[in-house]
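K.L.:
quick one: sequence plus predicted model below, questions after.
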Amino acid sequence: MYEVSGLPTPEISRYLRNWSKGVYEMFDRITFDSQIMGGRACIRGMRIPVSVIVGQIAHGATFEEILAEYPDLEKEDIQQAIEYAAWLTREEVHSM
C-alpha cells in the first residue's frame, strides 16, 4: 500500500487524475503519447524525450549546443523541460 503526499489509498486515483490535468495545463510544451517514445514525457509531440534534454543540461551542455543538435527545438522547450524536471522532484511518495 502506498501513500502519495499524505493522501490515503482511496484518494490516490483522484489525486493522479488531478495531477495529470495539472501537468497538461502547467507544461504546454511537454506531451505524453503512448505512440511516441512509449508515452515518455517528450517535447511538443516530437521524439525528443525531456529526459534527454535534462540529461544534456546536467552534463554541461548549453542551450545553444542543444538547439544546434536539435534544430526543431526552441529555447522555451528547453526551459520548460528543466521546469518540468524540477516540478517532478517536488512530489513525494511514501511507503506505508
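P.N.:
Looks like it arrived, so ask away.

K.L.:
so how far is residue 96 from residue 62?
P.N.:
Note on residue 62: its distance to residue 96, by C-beta to C-beta, to the nearest Å, is 43 Å. C-betas here are computed from N, CA, C, even on glycine.

K.L.:
and the nearest residue to residue 49 once chain neighbours are set aside, what's its pLDDT?
P.N.:
The shortest distance from residue 49 to any non-neighbouring residue, by C-beta to C-beta, 6 or more residues apart in numbering, is to residue 40 (4.9 Å). With respect to pLDDT, residue 40 scores 92.

K.L.:
what's the answer for residue 32, then?
P.N.:
89.

K.L.:
what about the residue lying closest to it once chain neighbours are set aside, distance to residue 31?
P.N.:
Counting by C-beta to C-beta, 6+ apart, residue 32 lies nearest to residue 39, which is 5.7 Å off, once chain neighbours are set aside. Separation of residue 39 from residue 31 (C-beta to C-beta) stands at 10 Å.

K.L.:
same check on residue 88?
P.N.:
Applying C-beta to C-beta to residue 88 and residue 31 gives a distance of 15 Å.

K.L.:
neighbour count winner among those two?
P.N.:
residue 31 (18 against 12; other C-beta atoms under 10 Å).

K.L.:
rewinding a little: between residue 62 and residue 96, which is the more surrounded one?
P.N.:
residue 62 (11 against 7).

K.L.:
name the helix or strand of this protein that has the lowest mean pLDDT.
P.N.:
Across the helices and strands of the chain, mean pLDDT, DSSP states H and E gives its lowest value to strand 2-4, namely a mean of 44.

K.L.:
what is the burial count for residue 86?
P.N.:
Neighbour count of residue 86, defined by other C-beta under 10 Å: 10.

K.L.:
quick check, it in a helix?
P.N.:
Yes. Assignment of residue 86 by DSSP: H, G, I helix; E, B strand; the rest coil places it within a helix.
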